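Asker: let's see this in three dimensions:
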Amino acid sequence: MKIFETFIFGTLMISSYNISAYQSEPNDITTIISEEEFSTYQNVADFIEHSPKVSIVAKPDENDIAEYGKGVVKTLTGSDCDRDGIMDDNKKCNAVYYKLWMKYQR
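Answerer: Prediction:
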């Protein structure tokens, strides 16, 4: 029984190490976008429009399946405002722009 407990404890320790490795600090956007680059954006909409684009696969809805068949693949494309490789929603993009504005415009 002692060997089993040691095995479980070791497995949990390794798992927690792997999880913590993926939870690293996010990049500071102000080190990625310079003041010079930020000054080229006229407003938040311009910033979002010129951010890198990211596509994700989404579950097709019933209308997509009815129109294109069971093998349909649906993708969504959006902006990656914080440059982390993940598509951001409008709220996140506004927050990133505001952080940059606070640093460079004040």
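
Asker: measure the residue nearest the centre of the chain to Pro52 for me?
Answerer: The centre of the chain sits closest to Ile86, judged by Cα atoms, centre = their mean, with a distance of 2.6 Å. Separation of Ile86 from Pro52 (Cβ to Cβ, to the nearest Å): 11 Å. Quick note: C-beta positions are derived from backbone N, CA and C, even for glycine.

Asker: quick one, phi/psi of the residue nearest to the centre of the chain?
Answerer: Ile86 has phi and psi values of phi -120, psi 140 when expressed as degrees, to the nearest 10.

Asker: what sits against it?
Answerer: Residues counted as contacts of Ile86 (Cβ atoms under 8 Å, 6 or more residues apart in numbering) are Val54, Asp80.

Asker: confidence score at it?
Answerer: On the pLDDT scale, Ile86 is placed at 94.

Asker: and Asn94, what does it touch?
Answerer: By Cβ under 8 Å, 6+ apart, the contact set of Asn94 is Val44.

Asker: is it within a helix or a strand, and which one?
Answerer: Assigned by DSSP states H and E, Asn94 belongs to helix 90-104.

Asker: now that helix, how far from the chain's geometric center?
Answerer: Relative to the centre of its chain, helix 90-104 is centred 15 Å away, using Cα atoms, centre = their mean, to the nearest Å.

Asker: only alpha carbons, please: show that helix as CSV.
Answerer: C-alpha atoms of helix 90-104 as CSV (Å, rounded to 0.1, in the frame of the first residue of the first chain):
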residue,chain,number,x,y,z
ASN,A,90,-13.9,43.4,-27.9
LYS,A,91,-13.7,43.8,-24.2
LYS,A,92,-10.2,42.4,-24.1
CYS,A,93,-9.1,44.5,-27.1
ASN,A,94,-10.4,47.7,-25.4
ALA,A,95,-8.5,46.8,-22.2
VAL,A,96,-5.3,46.3,-24.1
TYR,A,97,-5.7,49.6,-26.0
TYR,A,98,-6.5,51.4,-22.7
LYS,A,99,-3.3,49.9,-21.0
LEU,A,100,-1.2,51.1,-23.9
TRP,A,101,-2.9,54.5,-23.9
MET,A,102,-2.3,54.9,-20.2
LYS,A,103,1.4,54.2,-20.7
TYR,A,104,2.1,56.2,-23.8
